[in-house]
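Student: Sharing a model that was predicted from the sequence below.
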Amino acid sequence: MLLVTILAVGAAIGLIISTTGVGGGVIVLPVLTYFFGMDALMAVATANLLSMLMKVTSSYMHFRLGNIPFKRALIVLGIMLPSTFLASIFVNYLGSLNEYQQQVEWGINALVVAAIVFSLFLFIQRMFFSLPTKTVNDSTELVPLNIRALLLPAISAGVVLGATGVGGGVVVLPLLLRYANLSIKQAIGTSIFTTTLLSGSSALAYMQDGHTDVHLALMLFLGSLISIPLSKWLLTRMPDRVFQYATLFLIICSAVMMLARLF
């Protein structure tokens with residue numbers, strides 16, 4: 001594939017990740033599978049590395065915009081990190097065994113579909129059936145965090161992210177909206193920040209057996225840098241509702257694509 005095309009694909013993925021939090025697994029996995037011909041395990045491994053690289057710059061942008069409540073983000077990160085890393089090691093080990101390769105590929109795709117459907121339910125519930133977030137002096141007032149309610153969903157999200165590469169916009173974002181009570185822009189910023197480190201731990205686990213296409217990940221990352229100015233402009237000019245509908249649309253699209261892949 002031409003270098004210009006790879007950079008353009010990277011720019012489009014970077015724009016989606018920066019403005020919606022969706023992309024690490026939901027957009028990148030289908031792109032790597034359909035456009036670059038990767039099997040499920042290599043796609044997951046490469047998606048985790050690419051997600052980490054792209055989200056470093058996006059995290060800094062959201063930090064500058066004040067979209068990351070760090071105390072809450074670190075709590076979520078501390079709960080999810082162990083399950084993410086252990087799931088990555090387990091899937092990487094199974095994928096290295098010839099007799100389990102087909103089962104691992106089918107299992108990854110099935111888990112992606114299940115995660116997307118559940119997250120779609122959470123997102124729609126939050127978007128259309130929840131009371132609006134309270135605001136004080138035009139800034140979002142954080143509701144006290146219920147760590148006990150957050151614990152099981154966050155651990156489960158870590159397993160999904162580590163095993164499939166899906167996490168940011170599809171699993172972590174609805175989780176933050178539902179259980180951490182953040183606004184849509186805070187949830188996007190926090191999702192990007194936490195999954196930067198989670199994807200990094202998962203990428204390290206997968207790189208041990210050479211499943212990751214490092215060169216392609218770096219090329220797509222360079223392309224994503226092109227979209228940063230446009231992402232920042234959109235985040236400062238567009239209302240929250242636009243990002244909610246954009247995220248909902250991308251989650252639905254990813255569900256359709258991965259269902260087609262599964263069957």
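Tutor: That came through fine. Numbers count the residues shown, from 1 in each chain.
Student: Am I right that residue 37 falls within a strand?
Tutor: No - looking at residue 37 with DSSP: H, G, I helix; E, B strand; the rest coil, it is coil, so not inside a strand.
Student: What ranges does the stretch 1-150 of the chain have for its helices?
Tutor: In the stretch 1-150 of the chain, the helices defined using DSSP state H, counting those that start in this stretch lie at 3-20, 28-34, 40-64, 70-95, 101-129, 147-164.
Student: Give the buried residues for the shortest one.
Tutor: Within helix 28-34, the residues that qualify as buried by neighbour count (16 or more other Cβ atoms under 10 Å) are 28-33. C-beta coordinates here come from the backbone N, C-alpha and C atoms, glycine included.
Student: same deal with the first one?
Tutor: Of the residues in helix 3-20, those with enough neighbours to count as buried (16+ other Cβ under 10 Å) are 6-7, 9-20.
Student: Under the pLDDT cut-off, which ranges of the chain? List them.
Tutor: Residue ranges of the chain with pLDDT under 70: 1, 21-26, 122, 126, 130-143, 166-169, 258, 261-263.
Student: what's the closest of the buried residues of helix 3-20 to residue 63?
Tutor: Sorting the buried residues of helix 3-20 by distance to residue 63 puts residue 18 at the head of the list, at 12.5 Å, by Cβ to Cβ.
Student: For that closest one, list the residues it contacts.
Tutor: For residue 18, the residues meeting the contact criterion (Cβ atoms under 8 Å, 6 or more residues apart in numbering) are 57-58, 61, 192, 227-228, 231-232, 235.
Student: can I get the buried residues of helix 3-20 in TSV with distance to residue 165?
Tutor: Compiled in TSV, these are given as follows (distance: Cβ to Cβ, whole Å):
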residue	distance to residue 165
6	19
7	21
9	17
10	16
11	20
12	18
13	13
14	16
15	19
16	15
17	13
18	18
19	20
20	17
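Student: wait, which of these is closest to residue 41?
Tutor: Of all the buried residues of helix 3-20, residue 41 sits closest to residue 13, with 20.1 Å by Cβ to Cβ.
Student: ok, back up a step: now the helices of the stretch 1-150 of the chain as JSON lines including distance to residue 250?
Tutor: What follows is these, written out as JSON lines (distance: least, Cβ to Cβ, whole Å):
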{"stretch": "helix 3-20", "distance to residue 250": "6"}
{"stretch": "helix 28-34", "distance to residue 250": "11"}
{"stretch": "helix 40-64", "distance to residue 250": "15"}
{"stretch": "helix 70-95", "distance to residue 250": "21"}
{"stretch": "helix 101-129", "distance to residue 250": "10"}
{"stretch": "helix 147-164", "distance to residue 250": "16"}
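Student: Packed most tightly, which of those helices would that be?
Tutor: With neighbours taken as mean count of other Cβ atoms under 10 Å, the helices of the stretch 1-150 of the chain reach their highest mean count in helix 40-64, at a mean of 24.
Student: got the angle between it and helix 101-129?
Tutor: Counting by axes from the mean of the first three to the mean of the last three Cα atoms, to 10 degrees, helix 40-64 points 30 degrees away from the direction of helix 101-129.
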